[in-house]
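K.L.:
how would this look folded up:
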Amino acid sequence: MIKHIVLFRFEDPAVNIPVVRDSLYALVDKIPEIVSMQIGADFMHSGRSYDMALLVDFKSKEDLEVYDKHPDHQKARVYIHAHRLDSKTVDFEY
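P.N.:
Okay, the predicted model is just below:
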């Protein structure tokens, strides 16, 4: 299994998080390679915090690549890239 984790910081978290969350959750019905997806907004708001976390599970690296290149994922990225201040990613096998 593959775990894909992305942490985001946004310009306006109150506005951006709901839009991004809805667009990413919509991918579950469009990309069958997604095994599971979790999205959460940070509630601690510390100096180390990011605004939102995305966790996605895939069966293989190839499935992650399909997700990465999928046209609907690319559309979601357009909004994300326009409104993010920073992001970090980790992908690992488990």
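K.L.:
Run through the residues that contact the residue nearest to I2 when sequence neighbours are not counted.
P.N.:
Using CB to CB, 6 or more residues apart in numbering and skipping residues adjacent in sequence, the residue nearest I2 is F58, 4.3 Å away. Bear in mind the C-beta positions are built from the backbone N, C-alpha and C, glycine included. Going by CB atoms under 8 Å, 6 or more residues apart in numbering, F58 touches M1, I2, H4, E33, I34, V35, L64, Y67.
K.L.:
Could you export those residues as CSV, including distance to E93, pLDDT and neighbour count?
P.N.:
Formatted as CSV, those follow (distance: CB to CB, whole Å; pLDDT from 0 to 100; neighbours: other CB atoms under 10 Å):
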residue, distance to E93, pLDDT, neighbour count
M1, 7, 98, 12
I2, 6, 98, 20
H4, 11, 98, 19
E33, 15, 98, 17
I34, 17, 98, 22
V35, 13, 98, 14
L64, 10, 98, 19
Y67, 16, 98, 21
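K.L.:
from the residues you listed, which is closest to L27?
P.N.:
When the contacts of F58 are ranked by distance to L27 (CB to CB), I34 comes first, at 6.5 Å.
K.L.:
Fine, thanks again, bye for now.
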